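In: Structure for the following, please:
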Amino acid sequence: MSDSRAADEAIDWQPAQTYAGYLDLDRLLGAQHPRSGDRDEMLFIIVHQASELWLKLFLHEIGGAMQGIAADALDDALKVLARVGRVQAQLIEGWDVLATMTPAEYARLRPHLGTSSGFQSAQYRELEFRLGNKDARLAEVHRRDAGAYARLQTALREASLYDLALGLLARRGFAIPEAALARDWRAAYAPCADVEAAWLAIYRDPEKYWDLYDLAEKLVDLEDRLQQWRFRHWRTVQRIIGTKSGTGGSSGAPYLARALDLRLFPELWTLRARL
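Out: Okay, here's the model as predicted:
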């Protein structure tokens, strides 16, 4: 038997890698379990499942950007942050699909949701912690899920994306206060005049500090899109249930409206009034 024929037969014995197998489509497409018998429930389930998949990618890419910033590999981090923007666009568009559900359609399936709520998304909470919205109380709803709770505690203890960016500025020679560089990462970040001054110097001479300027604008893009996502969430909830309380005990639209006032990278917004 020739070597070439033996090689061909060896290949024939290898199990074929199929599209469905690689993507595990049997499990993925079999993960929708409507409970109401109403045809609109499939829309509700798939939009939220798709959002969780995009959140998983969001977290994955933010982790890569954070590693790049921490390692002074800023070109890599900037590329990843550009991809994050496209992921966020997909998340924002998801609300447009869900908003096609009318109040009457949602009312038919709502009793079947029980105490489940988007407020219970461990991935979204971890993402907020990674981006700097630290509040240990928000992790408590996940205490019964040991894996999710452990991930959230890790995210609370570790530096956020913005904390790492400030560390990069310090390594580049900017006067970042020690209080901003060696603090309790579990606490929410407090705005600092010296940090604003450092970013302001970068914005006043973007050619000299181009990569840091680019980083700052990508952080602004990220926060802007996050607020767009929150706004679309708020408006979709208002459109479907008005001022009713949300499932799972959340206050619904009022809670979402308060989230619109959050600032993750405060100095990048306040410095604009000084340019």
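In: mind listing what's buried in stretch 47-66?
Out: Neighbour-count burial for stretch 47-66, counted by 16 or more other Cβ atoms under 10 Å, picks out 47, 51, 54-55, 58-59, 61-62, 64-66. For every residue, glycine as well, the C-beta is placed using N, CA and C.
In: That should have said stretch 145-160, apologies.
Out: Residues of stretch 145-160 classed as buried by neighbour count (16+ other Cβ under 10 Å): 148-149, 151-152, 155-156, 159-160.
In: Over to stretch 66-73?
Out: Quick answer for stretch 66-73 (16+ other Cβ under 10 Å): 66, 68-69.
In: Tabulate these in JSON lines, adding columns for secondary structure.
Out: Shown next, in JSON lines, are these (DSSP: H, G, I helix; E, B strand; the rest coil):
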{"residue": "M66", "secondary structure": "helix"}
{"residue": "G68", "secondary structure": "helix"}
{"residue": "I69", "secondary structure": "helix"}
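In: Export those residues as a markdown table, with columns for pLDDT.
Out: Below are the buried residues of stretch 66-73 laid out as a markdown table (pLDDT from 0 to 100):
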| residue | pLDDT |
| --- | --- |
| M66 | 98 |
| G68 | 98 |
| I69 | 98 |
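In: Okay, helices next: where are they in the stretch 51-200 of the chain?
Out: Secondary structure of the stretch 51-200 of the chain, counting by DSSP state H, counting those that start in this stretch: helices at 74-98, 103-109, 122-131, 146-157, 161-171, 178-181, 193-204.
In: Packing partners of the fourth one?
Out: This means helix 146-157. In this structure, helix 146-157 packs against helix 122-131, with contacts taken as 3 or more Cβ pairs under 8 Å, 6 or more residues apart in numbering; DSSP states H and E.
In: With the last one instead?
Out: Counting contacts by 3+ Cβ pairs under 8 Å, 6+ apart, the secondary-structure elements packed against helix 193-204 are helix 161-171, helix 210-241, helix 266-270.
In: on that earlier part again, just put the buried residues of stretch 145-160 in CSV and tack on pLDDT.
Out: CSV is the format used below for these (pLDDT from 0 to 100):
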residue, pLDDT
A148, 97
Y149, 97
R151, 97
L152, 98
A155, 98
L156, 97
A159, 98
S160, 98
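In: My understanding was that A175 contacts E196; is that so?
Out: No: using Cβ atoms under 8 Å, A175 makes no contact with E196, being 11.5 Å away.
In: Please identify which of the two sits among more neighbours.
Out: The neighbour comparison of A175 against E196 (other Cβ atoms under 10 Å) goes to E196, with 17 against 11.
In: Give me the mean pLDDT for stretch 221-241.
Out: Averaged across stretch 221-241, pLDDT comes to 93.
In: Out of the buried residues of stretch 66-73, which is nearest to D96?
Out: M66 (29.9 Å; Cβ to Cβ).
In: of the buried residues of stretch 66-73, closest to W185?
Out: Nearest to W185 out of the buried residues of stretch 66-73 is M66 (Cβ to Cβ; 12.4 Å).
In: circling back: I'd like the helices and strands packed on helix 193-204 laid out as a markdown table, including mean neighbour count.
Out: Putting the helices and strands packed on helix 193-204 into a markdown table (neighbours: other Cβ atoms under 10 Å) gives the following:
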| stretch | mean neighbour count |
| --- | --- |
| helix 161-171 | 20 |
| helix 210-241 | 18 |
| helix 266-270 | 18 |
